[in-house]
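Q: the following block contains a protein sequence and its predicted model.
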Amino acid sequence: MHAAGTLSLTRSDRADLWTVIIVGAVAAAVTVGFAVNRLADILPNSGVEVLVPFADTAAPVPIGPDGALVPVEIDQAVLTVSGLPGVVVASLALAVVVDALMVLTIIACLGTLCRNLMTRGRAFSRTNTRLVITTAIALIAGTSIGTLLQTIGVNGAFATVSERSYEAMVATASLAPYFIATGLAAVALAFKAGERLQRETEGLV
C-alpha cells in the first residue's frame, strides 16, 4: 500500500526517466564541448567568427550562369574578424559562458526532478516546485544576459570591420524563451497547488 500522494512507477516509467537523465548528461557534455571550442576560437582574438544579422541588405552572390553575380537579400552572415577590442572579446566569451551555464542549469534541474520522481515517488513537493521555478529563472536570465552580451559583441565586430563607419546598432532577440518561461511559471503554480492539495490529503489519512 502506498502512502497518500506517492506515485507507483512502473518499469517503463523508470526507463523513461532514466532515458531523460542519460540524454541530459549527453547534452551537458556536448554543451561543455561546444563552449570550450568556441572559447578557444574567441580568446586568441584572431580570425574570430561572429554571426551577425542584417536587415534589408542586398549582396551579390555567384549563383548565376558561369558564376555570374546575382543580387540576393541576406538576413545574416558570418564575419571573420581579428584584433577586436578587449571588451568585445570579453562580451563574446561571456555570452558563450552564460549560454552554457543556462543550459547546464536547466539540464541539472530536469535531471534532479527525474531522480526525485524515481527515489521519492512524489511529483508535487516543495523541492520539485523550486526546481521548476529555477528552470524558468535560468531560462529568462540566461537568455536576457546572453542576448545583451552577444549584441555588444556583434556591434563591436561591425565597428572593427568597418573602422566605425557602420553605425547601425544591431540587436537580436527571440521571444520563444520568454513564452517557454511563462509556461514553466504556470507549471510551477500547478506544482505548488498540487503540493498543497497533497498535504491536505495526507492530513485526512
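A: Good, I have the coordinates.
Q: elements contacting the strand ranked longest in the chain?
A: Secondary structure of the chain per DSSP state E: the longest strand is strand 48-62. Strand 48-62 sits against helix 11-42, strand 69-81, helix 86-120, helix 126-161, with contacts defined as 3 or more Cβ pairs under 8 Å, 6 or more residues apart in numbering; DSSP states H and E. From N, CA and C alone the C-beta is placed, and that goes for glycine too.
Q: to residue 186, which of the ones you listed lies closest?
A: Minimum separation from residue 186 across the helices and strands packed on strand 48-62 (Cβ to Cβ) falls at helix 126-161, 9.5 Å.
Q: pull out the buried positions in that closest one.
A: 128-129, 131-136, 138-140, 142-143, 145-161 (16 or more other Cβ atoms under 10 Å).
Q: which other helices and strands does it contact?
A: Secondary elements touching helix 126-161 (3+ Cβ pairs under 8 Å, 6+ apart): strand 48-62, strand 69-81, helix 86-120, helix 176-204.
Q: so residue 43 touches residue 90, yeah?
A: No. Using Cβ atoms under 8 Å, residue 43 is not in contact with residue 90; the gap is 9.6 Å.
Q: could I get the helices and strands packed on strand 48-62 as a markdown table with mean pLDDT and distance to residue 180?
A: Below are these laid out as a markdown table (pLDDT from 0 to 100; distance: least, Cβ to Cβ, whole Å):
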| stretch | mean pLDDT | distance to residue 180 |
| --- | --- | --- |
| helix 11-42 | 91 | 16 |
| strand 69-81 | 88 | 23 |
| helix 86-120 | 91 | 10 |
| helix 126-161 | 88 | 6 |
